[in-house]
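# Quick one, structure for this:
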Amino acid sequence: MPNVGIVIVSHSAKIAEGAADMVRQMVGDAVPLAYTGGNASGGLGTDVAAIMAAIDRAWSSAGVAVLVDLGGAETNSEMAIELLPEDRRKRVVLCNSPIVEGAIMAATEASGGASLAEVQATAEELAPR
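Residues are numbered from 1 along each chain as shown. I've put the predicted structure just below:
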């Protein structure tokens with residue numbers, strides 16, 4: 001069975017890339033991983049089309065966990081998920097967790113073959129209460 005994919009969405013391209021680099025150093029190529037950051041003009045922000053493309057790059061039949069940094073990234077990620085075909089939409093979750101720590105924990109869990117629900121729960125254990 002394939003492992004759950006991970007998508008990192010940040011307002012900053014450098015933060016997204018750096019978080020993804022940390023994940024790769026921790027789990028290697030054990031999980032499908034994609035990231036996107038910044039808006040279409042190269043500034044701070046997020047882009048729905050870029051988020052959809054990142055979900056496609058990290059796609060796994062086991063599902064995809066999306067981690068975001070700020071509210072706008074969450075809103076645009078929700079929009080991207082809504083625009084996916086229905087069969088894929090059901091297998092993509094948005095995790096409420098810190099982006100770096102959550103991505104590392106989610107990827108570590110996914111690399112062991114955990115389900116999408118288990119990956120999400122692990123990432124969300126780190127959410128502020």
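
# Setting the sequence-adjacent residues aside, check what's closest to residue 59.
residue 5 (6.0 Å; CB to CB, 6 or more residues apart in numbering). Where C-beta positions appear, they are placed from N, C-alpha and C, glycine not excepted.

# The one you found: neighbour count?
Neighbours of residue 5 under the rule other CB atoms under 10 Å: 29.

# can I assume it is in contact with residue 65?
Yes: using CB atoms under 8 Å, residue 5 is in contact with residue 65, at 7.3 Å.

# Now name the helix or strand holding the residue in the chain sticking out farthest from the centre.
Distance from the C-alpha centroid of the chain, by CA atoms, centre = their mean, peaks at residue 41 (21.6 Å). Using DSSP states H and E, residue 41 falls within no helix or strand.

# what touches both of residue 5 and residue 65?
Counting by CB atoms under 8 Å, 6 or more residues apart in numbering, the common neighbours of residue 5 and residue 65 are residue 110.

# residue contacts, residue 4?
Contacts for residue 4 were tallied using CB under 8 Å, 6+ apart; they are 31, 60, 62-65, 106, 109-110, 114-116, 119.

# let's see it at 6 Å
The contact partners of residue 4, taken as CB atoms under 6 Å, 6 or more residues apart in numbering, are 60, 62-63, 65, 110, 116, 119.
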